[in-house]
Structures are given as structure tokens and as C-alpha cells.
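Enquirer: Sequence first, predicted coordinates after that:
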Amino acid sequence: MRNLTRLKSLQALEAAGRHGSFVGAASELDVTSAAVGQLVRSLEDWVGYPLFRRTRSGTERLTPVDEAQDALEDIAQGLDRLEAGLRKLRGRAARSVVVVTASQALVANWLLPRLNEFAVLYPAIDVRLDVSDRVIDLGQGEADIGIRCGLGSWKGVKATYLMGEEIIPVCHHRLLPQGEQATAGWIAEQTLIYDGTAHPGGGFPTWAEWLARAGANQAPSHRGLKINSTAAVIHAAVAAQGVALVRKALVAQELESGRLVQLLPERRWPLKWAYYVAASPKALRRSEVGAFHDWLISKGVAQTGE
């Protein structure tokens with residue numbers, strides 16, 4: 001006969017082990033940190049030894065002892081199976097939901113045009129978009145899965161390579177010189193749009209760096225528009241406010257529609273940053289999240305031809 005009287009204690013143990021604190025576990029379980037601590041201590045009394053090594057500083061103040069660490073994976077899988085069983089009991093009334101987070105520009109220009117394909121392949125899975133330029137905490141369940149651009153290392157999540165990225169100059173077709181080719185010198189004389197968003201370690205060029213590599217003999221024009229939002233930079237370029245340096249994936253739809261034109265496409269500037277599909281190990285154990293994760297990766301492979 002199964003003994004499930006300690007189910008709440010196991011749930012508290014698993015959440016505390018994942019967050020490294022009673023406070024993080026309490027936020028997820030919607031109880032007080034004191035209640036989480038009491039549940040864990042009752043389990044410690046039952047097994048006869050401490051389940052965590054406790055420290056008084058740092059964001060992660062709890063570290064599972066070896067025996068607890070070995071057991072946590074089994075406990076997490078068991079809790080996931082129980083949750084899956086409960087969803088099955090609800091039958092047709094239950095629909096799987098995947099919460100996906102990505103930046104405004106990537107959602108509008110890359111993800112949304114592809115989502116209908118996923119809906120056709122998986123009609124029982126609802127996709128909810130959390131469109132945000134801030135880095136949402138996937139480890140604490142603010143969203144199930146995210147598309148992130150960076151170096152591929154984020155704490156608490158598994159990051160799988162999606163596709164590479166490069167910087168390109170773009171402008172509205174109305175700004176193109178009449179009867180002649182756009183050159184690096186011509187670009188340097190235009191109103192340049194500057195993206196003030198931080199890109200640490202990405203290898204993003206300044207306008208001066210890009211123009212120098214492209215062969216311009218003069219410094220950038222002093223006329224410029226400085227914006228601290230990538231999405232707003234793209235909007236300004238579409239509105240013919242000037243020439244912008246942007247990530248290519250973020251303007252894919254604008255280039256395809258002809259609203260924007262890529263200038264000097266032979267002048268490549270690949271980035272150190274790339275796009276990754278990120279999710280916590282717990283989220284990936286859910287079949288609907290795994291399905292969306294694998295589908296996203298297939299879209300990246302299709303785009304790059306890898």
C-alpha cells in the first residue's frame with residue numbers, strides 16, 4: 001500500500017532544493033516560508049538526518065545533502081507524473097498550455113509568422129505569449145520556455161542553440177539614392193539610428209566600427225537618432241527616420257515585405273551572440289513544453305539549413 005501522507009513535505013523539499021531557499025519555494029507554492037521550513041523539518045525528523053546544508057548568506061542558502069540530491073530527481077519526476085495524472089482525470093476539459101517569452105521584436109518579426117504551423121501540428125496545446133524585453137526568470141516558473149539572445153549561459157535553465165545572428169544596416173526604400181547604388185560613404189552621410197540597448201559580450205559594432213570595416217572614408221554623420229529600445233529602433237527605420245544597424249532576425253518580416261531594405265549585404269558582421277531556446281529542467285519534463293521546444297529547434301534548423 002502506498003503511503004502518500006508526506007506528499008506536501010516532498011513537494012516542499014523538491015521546491016526548496018530547486019530554488020535553494022525556503023523563500024523561493026514558498027513563493028512558488030503560495031505558502032509562507034515558515035510553512036515550507038516546517039514541512040521540510042518534518043521530513044528530516046522522519047528520515048533521521050538533515051536534508052540540507054544551511055548557510056546564512058547568498059541567494060541560495062540551502063544545498064541538498066548527497067542523499068537528498070540523489071532522491072530529488074525521482075521526487076520531481078513523481079510529482080510531474082501525479083500532475084499529469086490529474087490532467088488526464090479532467091479529460092476533455094483540460095487543455096495543455098505553454099507560456100512562451102521572447103522580446104517584442106523577435107515575437108513580431110520571427111515567432112508570430114510561424115506559430116500557426118505549431119497550432120496545426122498540436123491543436124490541443126495553447127500557446128500564451130509573454131512579450132517582454134526583460135529577462136524573465138524561467139527557473140522560478142514565470143514562463144515555461146523562452147527564446148533568448150546571448151552567449152548561451154543562463155543560470156537554472158537548459159539552453160539549446162536555435163540560430164545564429166548578424167548585424168545588418170537597413171533603411172526604408174524611400175531613402176535609397178535615386179539611380180545609383182548605396183555605398184558606405186552614402187550611409188555615413190545619412191541620419192543614423194543608434195540602438196542604446198546594452199549587448200554585453202555580443203560583439204555589436206558601433207556605427208563608426210561598421211562604417212570603417214565597410215570602407216567609408218569619412219566618420220559617421222553627426223545627425224543621429226539615439227534610442228534605448230531595439231523595437232523602437234526598428235519602428236524608426238520603418239518610418240524612414242534614418243538608417244539603422246539591427247539584428248537580421250528581428251527584421252525578417254520587414255525585409256520580406258519590402259518595408260525595409262538591407263544595405264551592402266556583402267558586408268557581413270556575425271555576432272558572438274546567438275538565439276537559444278531556454279527552459280528549466282522541470283518545465284521540459286512536461287510533454288507540451290517538450291513539444292514546443294523541439295518544434296522551435298526545427299524552425300531554427302530550417303532557417304539556417306544546418
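Expert: Nice, I can see it. Residues are numbered from 1 along each chain as shown.
Enquirer: any idea which helix or strand carries the spatially closest residue to residue 35 that is not a sequence neighbour?
Expert: What sits nearest to residue 35 in space, not counting adjacent residues and going by C-beta to C-beta, 6 or more residues apart in numbering, is residue 26, at 6.9 Å. In short, each C-beta sits where N, CA and C put it, glycine included. Take DSSP states H and E as the rule and residue 26 turns out to sit in helix 22-29.
Enquirer: picking up where we left off before, contacting residues for the residue nearest to residue 35?
Expert: Going by C-beta atoms under 8 Å, 6 or more residues apart in numbering, residue 26 touches 32-33, 35-36.
Enquirer: which among those gets closest to residue 71?
Expert: residue 36 (17.4 Å; C-beta to C-beta).
Enquirer: hmm, back to that, mean confidence (pLDDT) on the helix holding residue 26, please.
Expert: What helix 22-29 shows for mean pLDDT is 79.
Enquirer: Stretch 299-306 too?
Expert: Averaging pLDDT along stretch 299-306 gives 64.
Enquirer: Could you do stretch 100-110 as well?
Expert: 90.
Enquirer: again with stretch 222-233
Expert: 87.
Enquirer: just to revisit the earlier point, may I see the buried residues of whatever helix or strand comes next after the helix holding residue 26?
Expert: Toward the C-terminal end, the helix or strand that comes next after helix 22-29 (DSSP H and E) is helix 33-47. For helix 33-47, a neighbour-count test (16 or more other C-beta atoms under 10 Å) marks 33, 36-37, 39-40, 43-44 as buried.
Enquirer: Who are the packing partners of helix 33-47?
Expert: helix 7-19, helix 22-29 (3 or more C-beta pairs under 8 Å, 6 or more residues apart in numbering; DSSP states H and E).
Enquirer: tell me the domain boundaries of this protein?
Expert: Listed by automatic domain parsing, the domain ranges of the chain are 7-91, 94-163+273-304, 166-269.
Enquirer: Can you verify residue 244 is assigned to a strand?
Expert: Yes - secondary structure of residue 244 (DSSP: H, G, I helix; E, B strand; the rest coil): part of a strand.
Enquirer: hang on, the earlier thing: among the domains of the chain, which gets the worst mean confidence?
Expert: domain 7-91 (a mean of 80).
Enquirer: how many degrees apart are the helix holding residue 26 and helix 7-19 in direction?
Expert: Here the directions of helix 22-29 and helix 7-19 differ by 120 degrees (axes from the mean of the first three to the mean of the last three C-alpha atoms, to 10 degrees).
Enquirer: Please verify my assumption that residue 154 contacts residue 278.
Expert: Yes - contact criterion C-beta atoms under 8 Å: residue 154 and residue 278 qualify, at 5.9 Å.
Enquirer: out of those two, which sits in the more crowded spot?
Expert: Counted by other C-beta atoms under 10 Å, residue 154 and residue 278 do not tie: residue 278 has more neighbours, with 26 against 17.
Enquirer: ok, back up a step: relative to residue 190, how far out is the residue nearest to residue 35?
Expert: In this view, residue 26 and residue 190 are 55 Å apart by C-beta to C-beta, to the nearest Å.
Enquirer: Now do the strands in the stretch 51-200 of the chain.
Expert: Using DSSP state E, counting those that start in this stretch, the strands of the stretch 51-200 of the chain run over residues 52-54, 62-64, 96-102, 125-131, 145-150, 158-171, 192-195.
Enquirer: And the ones you listed: which comes nearest residue 287?
Expert: strand 96-102 (7.5 Å).
Enquirer: by contact count, what packs against that closest one?
Expert: So strand 96-102, by 3+ C-beta pairs under 8 Å, 6+ apart, packs with strand 125-131, strand 145-150, helix 287-304.
Enquirer: Return the most buried member of the ones you listed.
Expert: Highest mean neighbour count of these: strand 145-150, a mean of 23 (counted as mean count of other C-beta atoms under 10 Å).
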